[in-house]
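> Have a look; sequence and predicted model below, questions after that.
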Amino acid sequence: MDDRLTDIEEVVAGMETADPGSERSGGRRVFVRTFGCQMNVYDSERMTEALSAQGYAATDTIENADLVILNTCHIREKAAEKVYSDLGRIRVLKEERAAAGSDTVVAVVGCVAQAEGAEIARRAPVVDLVVGPQSYHRLPELIVRSRAEGRALVETEFPEEEKFAHLPKRAPTRAVTAFLTVQEGCDKFCTFCVVPYTRGMEYSRSVADIEREARALVEAGVRELTLLGQNVNGYHGEGPNGRPHSLADLVRHLARMDGLERLRYTTSHPRDMSDDLIAAHADEPKLMPYLHLPFQAGSDRILAAMNRKHTAREYVDLVNRIKAARPDLALSTDVIVGFPGETDAEFEETLAVFSEVGFAAAYSFKYSPRPGTPAEKLSDQVPEEVKTERLARLETLVKRQQLDFSASCVGRTMPVLFERIGRRPGQLIGRSPFLQSVHAEAASELLGRIVPVEISSFGPNSLAGVIRPE
Ligand code: SAH
Ligand code: SF4
Ligand code: F3S
């Protein structure tokens with residue numbers, strides 16, 4: 001589960017875009033720690049770029065940083081609490097640096113910043129800035145102001161101005177794959193979830209704006225784009241003709257871009273899986289046959305209490321329709337165990353959906369009551385030890401399905417996009433169409449290229465194979 005994409009533990013952002021020569025002594029340095037989902041990874045990259053335009057070089061050594069940014073996640077209690085344990089350590093660092101005559105600015109940005117606002121600076125006085133996910137384009141100006149005024153500043157409005165319009169152009173990158181946020185926020189209000197409160201209402205960027213960013217990335221060498229949104233298949237941005245474009249329209253539009261070889265999108269809601277998007281999976285070869293489609297629970301009573309607006313049968317039928325359009329499609333999902341009132345029998349229904357669908361990967365979570373959400377107030381909370389036991393059972397099944405899927409790839413030849421140098425000399429690591437890591441002996445000129453690889457073996461989190469002639 002270490003390589004999960006929907007809940008990345010920690011990523012030091014900006015390393016790909018930083019100019020190594022700029023990390024000279026005397027220049028200001030920024031350290032970014034990222035919690036949470038891919039949208040936060042994307043945001044960290046964008047804020048690092050905005051700061052680099054102001055003379056900050058990215059560093060992965062927190063001790064050397066003049067600016068420390070925690071880009072935070074509020075989705076579960078554990079994720080939110082990690083921020084405070086980090087801030088404890090950062091306080092010590094800041095004091096040590098101050099004793100040596102260096103100033104350190106500490107910024108908490110992202111979803112915890114949005115949810116807790118000024119409370120963060122009260123609880124952790126080491127914090128100089130609290131900035132919500134819609135305002136991080138203002139970081140450079142806020143840093144200057146907080147220094148001038150000598151006090152902590154909190155910026156958690158949902159500003160009228162749109163952050164994308166104020167961010168600098170994408171910086172050059174050496175990456176082969178990239179995230180691109182096309183939609184933000186969520187109006188679904190699942191009863192367990194904080195996202196509608198931390199990210200605000202659904203908002204879609206225009207096709208022209210997205211195309212501009214995609215083109216800059218492709219010109220820099222990116223070959224695979226993952227379009228991001230909390231509810232990405234609800235995308236309805238302004239199209240070039242002034243009329244709203246659906247996600248399927250956007251995918252087809254971007255697929256025409258030369259040099260862009262692969263497209264993915266995440267995360268989708270089953271209710272917004274429209275017929276035209278399903279059709280795009282059948283007839284758009286650049287759209288990869290892999291779909292992350294959370295179902296959260298297998299019991300219809302629990303799904304209704306979660307306000308998911310679909311039943312388990314509707315979910316399975318939907319999967320079957322998508323697979324009919326694209327038979328080699330592999331699926332991943334998110335599931336919550338121990339939602340308030342979930343009985344043993346209802347939990348078994350979650351396992352039954354797994355057995356019926358068969359997932360290539362899945363991310364399962366113990367229900368975590370979140371402040372301000374309707375489910376938090378429900379009286380029949382499930383005891384911790386019951387959640388632990390259900391999670392363990394589910395994870396055994398998930399692991400087995402993931403290994404079954406990897407085993408089914410052995411002997412198949414699949415196009416692999418090589419994206420980085422492997423640990424062993426002469427080895428490259430790439431991505432299969434199904435988002436698996438694939439190791440192969442390959443010349444470094446193949447970085448950024450899609451090459452047929454015959455899969456010969458698999459490990460817990462990756463595949464290995466041999467390049468086959470095209
Ligand atoms: N927009 C996506 C998911 C966003 S959050 C969707 O609709 O599916 C990522 C995952 O975190 C969710 O799919 C859910 O499984 C999990 N999650 C969200 N809130 C949670 C909570 N309060 N407790 C446990 N898991 C939660
Ligand atoms: Fe949260 Fe539900 Fe929106 Fe996903 S669809 S972000 S789970 S409220
Ligand atoms: Fe977490 Fe915010 Fe993403 S709460 S999962 S960082 S949208």
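Cool, got the structure. Residues are numbered from 1 along each chain as shown. Ligands and ions are numbered 1, 2, ... in the order given.

> I'd like the next helix or strand past the longest helix along the chain.
In the chain, with assignment by DSSP state H, the single longest helix is helix 384-409. Next along the chain after helix 384-409, taking DSSP states H and E as the criterion, comes strand 413-421.

> Just the CA trace of that next one, in PDB.
Provided in PDB are the C-alpha atoms of strand 413-421 (Å, rounded to 0.1, in the frame of the first residue of the first chain):
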ATOM      1  CA  THR A 413       3.500  -7.700 -23.400                       C
ATOM      2  CA  MET A 414       2.400  -4.200 -22.600                       C
ATOM      3  CA  PRO A 415       3.400  -0.600 -23.500                       C
ATOM      4  CA  VAL A 416       5.500   0.800 -20.700                       C
ATOM      5  CA  LEU A 417       6.300   4.500 -20.400                       C
ATOM      6  CA  PHE A 418       9.800   4.800 -18.900                       C
ATOM      7  CA  GLU A 419      10.000   7.600 -16.400                       C
ATOM      8  CA  ARG A 420      13.000   7.200 -14.200                       C
ATOM      9  CA  ILE A 421      16.400   5.500 -13.600                       C
END
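
> For the stretch 101-250 of the chain, give me the ranges with low pLDDT.
Of all residues in the stretch 101-250 of the chain, those with pLDDT under 70 make up the ranges 160.

> could you redo the last one with a cut-off of 50?
Within the stretch 101-250 of the chain, no stretch falls below the threshold (pLDDT under 50).

> rewinding a little: buried stuff in the longest helix of the chain?
When burial is assessed from 16 or more other CB atoms under 10 Å, helix 384-409 yields the following buried residues: 386-387, 390-391, 393-394, 397-398, 401-402, 405-406, 409. Backbone N, C-alpha and C define where each C-beta goes, glycine included.

> Could you do stretch 147-155 as well?
Buried residues in stretch 147-155, defined by neighbour count with 16+ other CB under 10 Å: 152-155.

> and if you look at stretch 454-469?
Of all the residues in stretch 454-469, those buried under the rule 16+ other CB under 10 Å are 455, 458, 463-465, 467.

> Next: stretch 85-92.
86-87, 90-91.

> Which two of those residues have the greatest separation?
Pairwise distances among those were taken by CB to CB; the largest, 9.8 Å, belongs to 86 and 91.

> Report the contact partners of the closest residue to ligand 3 within the stretch 201-350 of the chain.
With distances taken as CB to the nearest ligand atom, the stretch 201-350 of the chain approaches ligand 3 most closely at residue 230, which sits 5.7 Å away. Applying CB atoms under 8 Å, 6 or more residues apart in numbering to residue 230 gives the contacts 37, 39, 183-186, 195, 199, 267.

> Quick one: end-to-end distance for stretch 116-135.
Across its full length, stretch 116-135 reaches 15 Å between end residues, using CA to CA, to the nearest Å.

> same question but for stretch 400-420, I mixed them up
Chord length of stretch 400-420, first to last residue, is 28 Å (CA to CA).

> what residues does the stretch 151-300 of the chain put near ligand 1?
Contacts of the stretch 151-300 of the chain with ligand 1, taken as CB under 6 Å from any ligand atom, map to 192-193, 195, 230-231, 267, 269, 294, 296.

> Write the ChimeraX selection for whichever of the residues you listed are buried.
Applying 16+ other CB under 10 Å to those, the buried members can be selected in ChimeraX as follows:
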select :192,193,195,230,231,267,269,294,296
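
> Arrange the residues of the stretch 151-300 of the chain next to ligand 1 in TSV, one row each, with secondary structure as further columns.
Shown next, in TSV, are those (DSSP: H, G, I helix; E, B strand; the rest coil):
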residue	secondary structure
192	coil
193	coil
195	helix
230	coil
231	coil
267	coil
269	coil
294	coil
296	strand
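
> Show me which of the residues of the stretch 151-300 of the chain next to ligand 1 is closest to residue 49.
Minimum distance to residue 49 across these is 21.7 Å, recorded for residue 230 (CB to CB).

> Could you find the closest non-adjacent residue to that closest one?
Once flanking residues are discounted, residue 230 sits nearest to residue 186: 4.5 Å by CB to CB, 6 or more residues apart in numbering.

> these two touch, right, that neighbour and residue 198?
No: taking CB atoms under 8 Å as the contact criterion, residue 186 and residue 198 are not neighbours in contact, 9.5 Å apart.
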